[in-house]
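> could you look at this predicted model? Sequence included:
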Amino acid sequence: MESKPLISESIKADVAGFINKVYNWMALALLITGLVAWTVASTPEMAYAIVSNQILFFGLLIAEVLLVGYISGAINKLSSQTAILLFLLYSALNGLTLSVIFLAYTAGSIATTFFICAGTFTIMSIYGYTTKTDLTRLGNLAFMALIGLIIASIVNFFLKSEMLYWIVTYVGVLIFVGLVAYDTQKIKRIGEAGFEAEEQEQKSAVLGALSLYLDFINLFLFLLRIFGRRK
């Protein structure tokens with residue numbers, strides 16, 4: 001009779017340990033991104049080289065997309081060490097492209113937006129972790145809306161409509177707020193299912209960290225459109 005609670009507590013401890021790994025990797029990636037972005041923005045030559053060279057800038061963006069796709073698609077074939085290195089490499093590349101925000105927005109508004117984003121992320125992550133409601137439907141809706149958002153953003157790149165710009169901005173915030181809760185619940189369920197080996201757990205932690213990292217960065221960028229003050 002007493003074995004069930006013990007097993008339950010053991011599972012809870014394992015899940016908590018897994019979640020800690022996910023958030024530790026995510027935090028490290030965000031730290032690397034921030035440091036790289038700040039360093040580049042503080043070095044005029046490097047910042048100018050990225051901003052003035054469209055081929056380099058868009059080349060970095062394409063490299064980031066390909067790297068995320070590779071990590072996600074080949075995670076089962078990669079060793080945990082390789083997955084970690086690629087994830088951290090991606091966070092550094094993202095720091096290079098995000099350095100432009102330090103040139104466009106005031107440091108104070110960037111800091112304010114970061115704390116707003118961190119607070120929103122924390123609240124929705126706690127909700128996703130603690131809620132008993134199945135968020136699968138929310139995740140599917142958010143993913144479909146994200147596809148529409150990408151298409152609308154591409155269209156507005158040519159139309160340059162201010163109204164569409166703000167619609168995309170606020171819808172983007174809602175989408176990634178929902179995805180934070182959904183991805184957190186999904187990661188928790190992966191932890192509850194357990195792992196056959198530590199290697200598998202480590203790779204799952206990296207993949208989970210990548211998902212939450214992307215949610216955080218995109219939420220931050222959409223919020224920056226609202227709260228950011230241009231120089």
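Perfect, I can see it now. All figures in this text were calculated on a predicted structure; none of them were measured in a lab.
> where does the chain dip in pLDDT?
Where the chain drops to pLDDT under 70, the residues are 1-7.
> can you show me the helices along the protein?
3-41, 44-52, 54-74, 80-98, 100-104, 107-130, 136-159, 162-193, 198-227 (DSSP state H).
> I'd like to know which elements the last one is packed against.
Other helices and strands packing on helix 198-227, by 3 or more C-beta pairs under 8 Å, 6 or more residues apart in numbering; DSSP states H and E, are helix 3-41, helix 54-74, helix 80-98, helix 107-130, helix 162-193. Where you see a C-beta, it was placed from the backbone N, CA and C, and this is true even at glycine.
> if we can go back for a sec, and the helices of the chain as TSV, adding mean neighbour count?
Below are the helices of the chain laid out as TSV (neighbours: other C-beta atoms under 10 Å):
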stretch	mean neighbour count
helix 3-41	16
helix 44-52	13
helix 54-74	13
helix 80-98	19
helix 100-104	16
helix 107-130	16
helix 136-159	13
helix 162-193	19
helix 198-227	20
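> so what touches stretch 60-70?
Contacts to stretch 60-70, defined as C-beta atoms under 8 Å, 6 or more residues apart in numbering, come from residues 50, 86, 89, 90, 93, 94, 96, 97, 210, 214.
> centre of the chain to it, how far?
14 Å (C-alpha atoms, centre = their mean, to the nearest Å).
> with stretch 26-44 instead?
The answer for stretch 26-44 is 15 Å, by C-alpha atoms, centre = their mean.
> stretch 215-224 now?
For stretch 215-224, the gap between its own C-alpha mean and the chain's C-alpha mean amounts to 8 Å (C-alpha atoms, centre = their mean).
> stretch 45-63 now?
The answer for stretch 45-63 is 21 Å, by C-alpha atoms, centre = their mean.
> what do you get for stretch 215-231?
13 Å.
> same thing with stretch 23-36?
Relative to its chain's centre, stretch 23-36 lies at 10 Å (C-alpha atoms, centre = their mean).
> how near is residue 105 to residue 117?
With distances taken as C-beta to C-beta, to the nearest Å, residue 105 is found 13 Å from residue 117.
> what do you get for residue 28?
Computed as C-beta to C-beta, the residue 28 to residue 117 distance reads 17 Å.
> now residue 197
35 Å.
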